[in-house]
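J.: Here's my sequence, what's the structure:
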Amino acid sequence: CCDSSNADSGKNNRGGNTMSYDFFRAWYRSMLFWQIYVFDWFTKNLVPWAINYRSYTFNDFFSFHYSVNRGISWGLLRNCGDFGYSCVTGLIFLLLCFLAKYTTDRQRAGYTVYGETLLLAGGLGNFTDRLAHCGVVDFIKISFGGYSFPVFNCADIAISVGACIILYQTFMGQEPEERE
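T.: Predicted coordinates for the structure are as follows:
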């Protein structure tokens, strides 16, 4: 809870309590996390209903196509039965727990955690779907000529952008932010 340099006093450099400061600054209290999570939930419930759980084509490039993916990315492991589904869901839960702890530790060390926050918001959105719908609701379809990218959702976009941010920070050697 406390900054290690001020662990004995329980005060930050401004004289305030670091325990409450860290809690209110935590990734799971950020607007970014909740905006992504709620927007993903909203779109996964509104769009399928609006297109009557079928398909709607806007143009040759962009369409909505309702599907529920019981597997993981690109439908991998979708035919592994109920036991396999439960195992994959359990593994995803453990990965989310690990990522939450890792993100909290990095944030306390002074690093920005935008990428990790996007990963967690998208991952939790898809995990919530797995519990509520026995699979992840996907509806966005992008096509280029004869090729169609696998159907995805807003949480998948957040996960992809978050992963890119983390890779960028890793290769560019991100330094911790200065604390006030």
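
J.: secondary structure class for residue 174?
T.: Three-state assignment for residue 174 (DSSP: H, G, I helix; E, B strand; the rest coil): coil.

J.: Tell me which residues touch it, please.
T.: Going by Cβ atoms under 8 Å, 6 or more residues apart in numbering, residue 174 touches 111, 112. C-beta coordinates here come from the backbone N, C-alpha and C atoms, glycine included.

J.: Give the residue spans of the chain that score low on pLDDT.
T.: Scanning the chain for pLDDT under 70 picks out 1-25, 74-77, 178-180.

J.: Any idea which residue is closest to the centre of it?
T.: For the chain, residue 122 is the residue whose C-alpha lies nearest the centre (Cα atoms, centre = their mean; 2.2 Å).

J.: ranges for the strands of the protein?
T.: Along the chain, counting by DSSP state E, strands occupy 55-57, 62-69, 136-144, 147-148.

J.: if I look at the residue nearest to the centre of the chain, how far off is residue 147?
T.: In this structure, residue 122 and residue 147 are 24 Å apart, going by Cβ to Cβ, to the nearest Å.

J.: The longest helix along the chain: which residues count as buried?
T.: For the chain, the helix that runs over the most residues, judged by DSSP state H, is helix 81-108. Within helix 81-108, the residues scored as buried using 16 or more other Cβ atoms under 10 Å are 85, 88, 89, 92, 96, 99, 100, 103, 104, 106, 107, 108.

J.: Also stretch 54-68?
T.: Under 16+ other Cβ under 10 Å, the buried positions of stretch 54-68 are 63, 64, 65, 66, 67, 68.

J.: what does that stretch contact?
T.: Stretch 54-68 has contacts (Cβ under 8 Å, 6+ apart) with 47-48, 50-51, 53, 133-144, 151.

J.: Do me a favour and get the end-to-end distance for that stretch?
T.: Start-to-end span of stretch 54-68 (Cα to Cα, to the nearest Å) is 12 Å.

J.: Export the strands of the chain as JSON lines, with columns for distance to residue 175.
T.: Formatted as JSON lines, these follow (distance: least, Cβ to Cβ, whole Å):
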{"stretch": "strand 55-57", "distance to residue 175": "46"}
{"stretch": "strand 62-69", "distance to residue 175": "38"}
{"stretch": "strand 136-144", "distance to residue 175": "36"}
{"stretch": "strand 147-148", "distance to residue 175": "41"}
